[in-house]
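Peer 1: this is a predicted model, with the sequence first.
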Amino acid sequence: MADYVIPEPEPKEIDEKVSIELRHMAENAVLRGHPSGDEKCDNCRYYLEPYNDLSYCWHPKLRILVGANWWCQWWEEIPAADA
């Protein structure tokens with residue numbers, strides 16, 4: 001086993017398929033890797049863990065891992081807690 005060399009990673013067919021799907025999702029969702037003014041994922045109601053730089057977006061039309069400073073057209077303000 002000492003002679004085994006780990007092959008260089010290469011994209012598989014599934015990687016290309018997922019890349020195309022995510023590209024279409026980004027185009028359709030107006031998903032951007034930067035904020036739109038004060039609106040960004042980490043202050044959106046759908047950003048699951050606002051204390052993390054990466055978190056899951058649970059919006060029904062997205063449902064993917066996103067960055068804290070990203071933005072999409074479905075951004076919604078976090079509702080105020082009932083006092």
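Peer 2: All right, it came through fine. Numbering: from 1, shown residues only.
Peer 1: contact partners for S36?
Peer 2: 71, 75 (CB atoms under 8 Å, 6 or more residues apart in numbering). C-beta coordinates here come from the backbone N, C-alpha and C atoms, glycine included.
Peer 1: can you pull the phi/psi pair for it?
Peer 2: The phi and psi values for S36, taken as degrees, to the nearest 10, are phi -110, psi 90.
Peer 1: bridged to it, which residues?
Peer 2: E39 (DSSP bridges).
Peer 1: separation between it and V18?
Peer 2: For S36, the distance to V18 (CB to CB, to the nearest Å) stands at 26 Å.
Peer 1: what do you get for P60?
Peer 2: Counting by CB to CB, the gap from P60 to V18 is 19 Å.
Peer 1: so these two - more neighbours on which side?
Peer 2: When P60 is set against V18 and neighbours are counted by other CB atoms under 10 Å, the residue ahead is V18, at 12 against 7.
Peer 1: for E8, see how far away N52 is.
Peer 2: Distance of N52 to E8, computed by CB to CB: 31 Å.
Peer 1: looking at the two, which one has more neighbours?
Peer 2: The neighbour comparison of N52 against E8 (other CB under 10 Å) goes to N52, with 12 against 5.
Peer 1: quick one: the helices in this structure, in order.
Peer 2: All helices of the chain, identified by DSSP state H, fall at 13-29.
Peer 1: center of it, which residue is that?
Peer 2: Nearest residue to the geometric centre of the chain (CA atoms, centre = their mean): V66, 2.2 Å.
Peer 1: what sits up against stretch 23-34?
Peer 2: Stretch 23-34 has contacts (CB under 8 Å, 6+ apart) with 61-62, 64, 66-67, 69-74.
Peer 1: can I get those in JSON lines including distance to R45 and pLDDT?
Peer 2: Compiled in JSON lines, these are given as follows (distance: CB to CB, whole Å; pLDDT from 0 to 100):
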{"residue": "K61", "distance to R45": "14", "pLDDT": "85"}
{"residue": "L62", "distance to R45": "12", "pLDDT": "86"}
{"residue": "I64", "distance to R45": "16", "pLDDT": "90"}
{"residue": "V66", "distance to R45": "13", "pLDDT": "95"}
{"residue": "G67", "distance to R45": "17", "pLDDT": "96"}
{"residue": "N69", "distance to R45": "17", "pLDDT": "96"}
{"residue": "W70", "distance to R45": "15", "pLDDT": "96"}
{"residue": "W71", "distance to R45": "13", "pLDDT": "95"}
{"residue": "C72", "distance to R45": "12", "pLDDT": "92"}
{"residue": "Q73", "distance to R45": "14", "pLDDT": "91"}
{"residue": "W74", "distance to R45": "10", "pLDDT": "93"}
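Peer 1: fine, thanks again, bye for now.
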